[in-house]
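>>> kindly generate the corresponding structure for this input.
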Amino acid sequence: MPLTVGPVKLQSNTSLVQISWSGFEDTSGIDFYEYCISDERNATIVDWTNVHLKTVASARGLTLHNTETLNVSVRATNTGQHRSEAVHASIFIISQPPALSGSPILVTRNEHLIHIDWEQAFDTLPEIPVVCSLVVGSGEGFTDILDINYYTGHTYDIVAPSSTLISPKITELFFTITCTYPTGMSSVYRTIFTL
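Numbering: from 1, shown residues only. Prediction:
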């Protein structure tokens, strides 16, 4: 099923769409439901398909693309063969992780305060929120200085310690920043800052 983020439904699967619905009522009774799927240009991907009285459907074997918007429509037909107005929803496909831009993170130092800004390091889709994790260690793979998760900003300030329990004298800081879409797809940026 697609993941809902605010008003947007997201999914990473490019070959399957699963939908569910409710809320159709008719005093004479519902005879069957139908759904169809089209792209943002209104080209049909799945034509109207009868699913009987099921309120869930799966369209398999599709060829969907990253950043594509799908329009899903569902309608009901009652026992007198009168069709309802279709209800609509959109699904946005994110099949790739946030891209690394090729630009470095910006690291500035003012005495013991180190300011980190990684906004330019990732090319993200502007309408899709991301969460980041930031790990700073005194050595490769260490988390002895900072380890934060589920951070929604793109800047952070840390105080540069002169030593930690693991490293008695720190000469370099090892940064690892992971940027993640709500679908779980992520990219990792790593760099070293010399003190």
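>>> need the contact partners of the strand or helix carrying Trp48.
For Trp48, the host element (DSSP states H and E) is strand 44-50. In this structure, residues lying in contact with strand 44-50 by C-beta atoms under 8 Å, 6 or more residues apart in numbering are 17, 32-39, 57, 59, 62, 64, 70, 75. Backbone N, C-alpha and C define where each C-beta goes, glycine included.
>>> ok, it: who's next to it in the sheet?
strand 30-39 (antiparallel) (DSSP bridges).
>>> tell me where this protein has helices.
For the chain, helices defined by DSSP state H do not occur.
>>> residue farthest from the centroid of it?
Residue farthest from the centre of the chain, counting by C-alpha atoms, centre = their mean, is Gly80 at 43.0 Å.
>>> check contacts around it.
With C-beta under 8 Å, 6+ apart, Gly80 has these contacts: Ser28.
>>> how near is it to Lys54?
From Gly80 across to Lys54, the span is 21 Å (C-beta to C-beta, to the nearest Å).
>>> Ile145 now?
54 Å.
>>> more neighbours: which of these two?
Ile145 (21 against 12; other C-beta atoms under 10 Å).
>>> so that one is in contact with Ile158, correct?
Yes - shown here, Ile145 and Ile158 form a contact pair, counting by C-beta atoms under 8 Å, at 6.7 Å.
>>> list the buried ones in stretch 15-27?
By neighbour count on 16 or more other C-beta atoms under 10 Å, the buried set for stretch 15-27 is 17, 19, 21.
>>> any idea which of those residues is closest to Val107?
Distances from Val107 to the buried residues of stretch 15-27, taken as C-beta to C-beta, are shortest for Val17 (42.5 Å).
>>> list the contacts of the closest one.
Per C-beta under 8 Å, 6+ apart, neighbours of Val17: 2, 11, 37, 46, 58-59, 62, 64, 70, 72, 91.
>>> kindly recompute the last result at 6 Å.
Ala59 (C-beta atoms under 6 Å, 6 or more residues apart in numbering).
>>> partner residues bridging it?
Ala59.
>>> distance check, it against Ser90.
Following C-beta to C-beta, the distance that separates Val17 from Ser90 is 11 Å.
>>> centre of the chain to the strand holding Trp48, how far?
Put simply, strand 44-50 sits 26 Å off its chain's centre (C-alpha atoms, centre = their mean, to the nearest Å).
>>> now it: mean pLDDT?
The pLDDT scores in strand 44-50 average 97.
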